[in-house]
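S.K.: I would like the atomic coordinates for the input below:
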Amino acid sequence: MIGTLILGVILILILSYYNISIRNVAESPAAQDNFDYIKEQKVSLWENYLKKPVMYFWNNIFIDLLWEPFVANMNRIKEGKPTDFDTAVPTINFGN
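M.R.: Okay, here's the model as predicted:
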């Protein structure tokens, strides 16, 4: 993280040495057109390809299979009750 920060400062110093204004470059019509194009492509990628599988994973796998059982077991621990793991462990009777 610190290395990335130092690299960014060095990059800004190099651009300043060559009298390149980051503001002028970012506000130029060509840069704005490029930013708009990237934004449109990101939205298209999300809507057409990623939204359906990501939302399926989020709702049907993460929430249903991971989050809800986690919260339920944490509430059981809080209440002093056995968790799903405790009740799912097989017991062995030695015939005593």
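S.K.: Low-confidence stretches in the chain?
M.R.: Residue ranges of the chain with pLDDT under 70: 96.
S.K.: for it, what spans make up the strands?
M.R.: Using DSSP state E, no strands are found in the chain.
S.K.: For it, which segments count as helices?
M.R.: For the chain, the helices defined by DSSP state H occupy 2-17, 22-27, 29-45, 51-56, 68-79, 84-88.
S.K.: what's the burial count for Pro15?
M.R.: Slight slip there: residue 15 is Leu, not Pro. As a burial measure, Leu15 scores 13 neighbours (other C-beta atoms under 10 Å). From N, CA and C alone the C-beta is placed, and that goes for glycine too.
S.K.: Check the spacing between it and Phe85 real quick.
M.R.: Between Leu15 and Phe85 the distance is 56 Å, computed by C-beta to C-beta, to the nearest Å.
S.K.: JSON lines for the helices of the chain, including distance to Gly95?
M.R.: Converted to JSON lines, those look like this (distance: least, C-beta to C-beta, whole Å):
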{"stretch": "helix 2-17", "distance to Gly95": "64"}
{"stretch": "helix 22-27", "distance to Gly95": "79"}
{"stretch": "helix 29-45", "distance to Gly95": "64"}
{"stretch": "helix 51-56", "distance to Gly95": "49"}
{"stretch": "helix 68-79", "distance to Gly95": "31"}
{"stretch": "helix 84-88", "distance to Gly95": "23"}
